[in-house]
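S.K.: sequence and predicted structure below; questions after.
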Amino acid sequence: MAHRLLDLGFAALLFGASIFLWFVADSFPESRRFAQADADYWPKIIFGIMALITGVLVIRSFLEMRRSGDAMQGAFTMSDDFRYTALRIAAMGGLILLYFWAFQTTGFILATFVFLVLASFVIPYRNMGMRFLFAATFTVALVLFFTRALELPLPRGVGVFYDLNILFY
């Protein structure tokens, strides 16, 4: 039952966050550069779809909880599997916060590559070569997409990291 309560709480948190971020995107100023699609077009689409999906997850989790018939007295006992999952979730949250800090300090390329490699250790996967190959390929694809297709500048970091990022884009 604790697993179902955690699923419901997390889905509700994401649902609320996506609605909040939709309103944040709605308040973006108009942009001359993106006159046809405007600056809030893509964020509002993404957060609208995210709200729709997480809303469905909230409803599904709630219905599963009601349908399960599990007793509430055992809802907060933690099994070893639940502790391991909670530890992995906390590790991923810490990595996201570290990525947010490193994004500004080291720049997009290095922060994204290191984040993807470290995040692959949180997810149980054994092939070490694929971890690095995926991180490098996905980072290159993102850099090319943002700098070439969207023509958006990416953070380049500070100090020596700025000089390093100048070599790439």
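M.R.: Sure, I can see it.
S.K.: which residue is nearest the middle of the protein?
M.R.: By C-alpha atoms, centre = their mean, the chain has its centre lying nearest to residue 96, at 7.6 Å.
S.K.: now the strands: where do they sit in the protein?
M.R.: Per DSSP state E, the chain carries no strands over any range.
S.K.: domain assignment for it?
M.R.: As assigned by automatic domain parsing, the chain contains the domains 1-77, 87-169.
S.K.: worst mean pLDDT among those domains?
M.R.: Among these, domain 1-77 has the lowest mean pLDDT, at a mean of 74.
S.K.: which residues are in contact with the nearest residue to residue 113 once chain neighbours are set aside?
M.R.: Among residues not flanking residue 113 along the chain, residue 139 sits closest, at 4.7 Å (C-beta to C-beta, 6 or more residues apart in numbering). From N, CA and C alone the C-beta is placed, and that goes for glycine too. The contact partners of residue 139, taken as C-beta atoms under 8 Å, 6 or more residues apart in numbering, are 109, 112-113, 116.
S.K.: of those residues, which belong to helices?
M.R.: Members of these lying in helices (criterion: DSSP state H): 109, 112-113, 116.
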